[in-house]
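A.B. asks: sequence and predicted model, in that order:
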Amino acid sequence: TQFTVGDYLAERLSQIGIINHFVVPGDYNLKLLDYLEYHPKLSEIGCCNELNCAFAAEGYARAHGISAAVVTYSVGALTAFDGIGGAYAENLPVILISGAPNTNDINSSHILHHTIGTHNFDYQMDIAKNLTVAAVALRRAHEAPRLIDHALRQAILQHKPVYIEVPTNMATQPCPKPGPISAVIEPETSDKASLEQATDVAADLISKSEKPLMLAGPKLRAAGAEKAFLKLAEALDAAVVVQPNAKGFISEEYKNYAGVYWGLCSTRNADKIGEFADFFIGAGTVFNDYTSNGYKVGPTPDQFIDSDYMHVSLPGYEFTRVKMDEFLSRLADKVSKKNATMVEYARIKPALLKYAPANPKELLTREELMRQIQGVIDGNTTLYAETGDSWFNGMQMNLPEGAKFEIEMQWGHIGWSVPSALGYAIAAPKRRTVIMVGDGSFQLTGQELAQMVLHKLPVIIFLINNRGYTIEIQIHDGPYNRIKNWDYAAFMESFNAEDGKAKGLKANTGEELEQAIQIALANKEGPTLIECYNHTDDCTKELVAWGSTVGATNARAPSADQ
Ligand SMILES: C/C(NCc1cnc(C)nc1N)=C(/S)[C@H](O)COP(=O)(O)OP(=O)(O)O
Ligand SMILES: [Mg+2]
């Protein structure tokens, strides 16, 4: 049969490694969905709505490296854009594919459904250009190969989302078969001269420092530079700390690991070793208002080297086209041992946080809840920490070798965790995905549990019900931070309908939580939600301190010259 634009896109998606793509059908994308389904190595995962579809693709990319979401025009894409903004913020290459009006209508006087009812068919592309690194519209079949390959290559190189708009009459149009996939996936490498000079300058700065410290940031994984980072840590034998949204990128059992570096929300005295250090070797760091505690935490520019995916910054120097992993690896060849921070850390390293078991008959406390969740985490667990006090509880969790941790601190969209974890669990069915999510966050996107029931994914959801928006209460309280309570356990079981194997349980005491966890761990046929009692005021001390700092930062008066 005739090879078409739809076949070309399907083949390219498969060639870059996608196995499952996430969809919400609509009459602008149905033919395109057929071509993706025809492809022997692609299969679709349906989602309840397009926000969840984009978040599921984001989660798939966290586990699998790259992903695709397919939605309909305007009414679909506009909510998907919220998840795509998140993918951009979190450095995840999600390919958003949207159906679009028939090319005959675009310059006609026709008014089309799902649009805002004008002759403007560009508003979706205009938005897409702001939230992706490449946005293309396939309005002529002969351009499709060039536009598709361009968009996919930018997603892969920059580890950012891209956008491909496919008019409803385009998927069926004849199209040549694709050329070699190397044209799309061939990696970029550093400019050699810049790599040499950048590492010479860095080696010199490090040799002049007394107590260098290594700091992993949230872009480290996107740059694929974890190994190179550890090679440098080994060459220096320096202590290693991570920013909160890089937790888990470095094994917490690594001999030089010194905790999460987040000011008063730090773990394992990472803040203290940060105060001791006189030079920071960063990699993929981002000090936003939340991870700098209102711009109070972090090295000064004169004591800080940092690298992005294809850029290196040093005091007095900026090098373009120097790739993070090549920079770190080459620098490791040029430095010698400088282990002052490890010597000092050996002195101040605290014992691992361990809560004493509570009386099993008593109402659950936050500490007892966290003690028992800690007990669930093993080397095969991926722990999702949703926006909320779960950020701070998640930070304190000790990750055994092999355990992974997912968080969304740059976008910080409540409701991200359930749909993202769906995509993650689809990509990594052999891992045990465990979610810590608050009641407020859960209410935005909890219906995506339905797909976990359909696909029999044994995800464990700790629904932490503290009756409202506790983070917001700690930043600034008001009546708006109280929400209607749900019967979350019954909500979970409602998705079983005639054939599901999900379990919805409630745990108000330590004993009930123990029992619920045993049931959850034994349930391999579907997700288990455990609704956990947590008193509204029983939150982490870190959230209380952080909340007042962030509240004050938000409240800064306009500067005089504004
Ligand atoms: C309302 C809001 N943030 C504002 C917000 C509002 N809308 C979106 C999409 N994202 C956001 N972060 C936040 S953090 C709530 O405290 C979350 O409540 P919950 O999930 O229940 O967690 P905690 O009780 O631990 O805070
Ligand atoms: Mg809450």
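C.D. replies: That came in fine, so what should we check first? Residues are numbered from 1 along each chain as shown. Ligands and ions are numbered 1, 2, ... in the order given.

A.B. asks: which helices and strands sit right next to the lengthiest helix in the chain?
C.D. replies: Across the chain, the longest stretch assigned as helix under DSSP state H is helix 192-208. With contacts defined as 3 or more C-beta pairs under 8 Å, 6 or more residues apart in numbering; DSSP states H and E, the packing partners of helix 192-208 are strand 279-283, strand 304-308, strand 311-314, strand 317-320, helix 324-334. Glycine gets a C-beta too; all of them are placed from N, C-alpha and C.

A.B. asks: buried stuff in it?
C.D. replies: For helix 192-208, burial by neighbour count (16 or more other C-beta atoms under 10 Å) applies to 194-195, 198-199, 201-203, 205-206.

A.B. asks: and for stretch 161-177?
C.D. replies: Buried residues in stretch 161-177, counting neighbours by 16+ other C-beta under 10 Å, are found at 161-173, 175.

A.B. asks: alpha carbons of it, in PDB - could you do that?
C.D. replies: Only the C-alpha atoms of stretch 161-177 are listed here, as PDB (Å, rounded to 0.1, in the frame of the first residue of the first chain):
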ATOM      1  CA  PRO A 161       9.400  19.300  24.200                       C
ATOM      2  CA  VAL A 162       8.500  19.900  20.500                       C
ATOM      3  CA  TYR A 163       5.200  20.400  18.700                       C
ATOM      4  CA  ILE A 164       4.000  18.800  15.400                       C
ATOM      5  CA  GLU A 165       0.600  19.900  14.000                       C
ATOM      6  CA  VAL A 166      -1.000  17.500  11.600                       C
ATOM      7  CA  PRO A 167      -4.000  18.800   9.600                       C
ATOM      8  CA  THR A 168      -6.800  16.200   9.400                       C
ATOM      9  CA  ASN A 169      -6.300  15.500   5.700                       C
ATOM     10  CA  MET A 170      -2.500  15.200   5.900                       C
ATOM     11  CA  ALA A 171      -1.900  11.700   7.500                       C
ATOM     12  CA  THR A 172      -3.300  10.000   4.400                       C
ATOM     13  CA  GLN A 173      -1.100  11.900   1.900                       C
ATOM     14  CA  PRO A 174       1.600  10.000   0.000                       C
ATOM     15  CA  CYS A 175       5.100  10.500   1.400                       C
ATOM     16  CA  PRO A 176       8.500   9.000   0.700                       C
ATOM     17  CA  LYS A 177       9.900   6.500   3.200                       C
END
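
A.B. asks: which one of the helices and strands packed on helix 192-208 lies closest to ligand 2?
C.D. replies: Closest of the helices and strands packed on helix 192-208 to ligand 2 is strand 279-283, at 33.2 Å (criterion: C-beta to the ion).

A.B. asks: in the closest one, what's buried?
C.D. replies: Residues 279-283 are the ones in strand 279-283 that count as buried (16+ other C-beta under 10 Å).

A.B. asks: what residues does the protein have near ligand 1?
C.D. replies: For the chain, the contact set with ligand 1 under C-beta under 6 Å from any ligand atom comprises 387-389, 412-414, 438-441, 466, 469-472.

A.B. asks: what's the most distant pair in those residues?
C.D. replies: Greatest spacing in these, by C-beta to C-beta: His413 and Asn466 (19.3 Å).

A.B. asks: just confirm Tyr163 is within a strand.
C.D. replies: Yes - Tyr163 sits within a strand when classified using DSSP: H, G, I helix; E, B strand; the rest coil.
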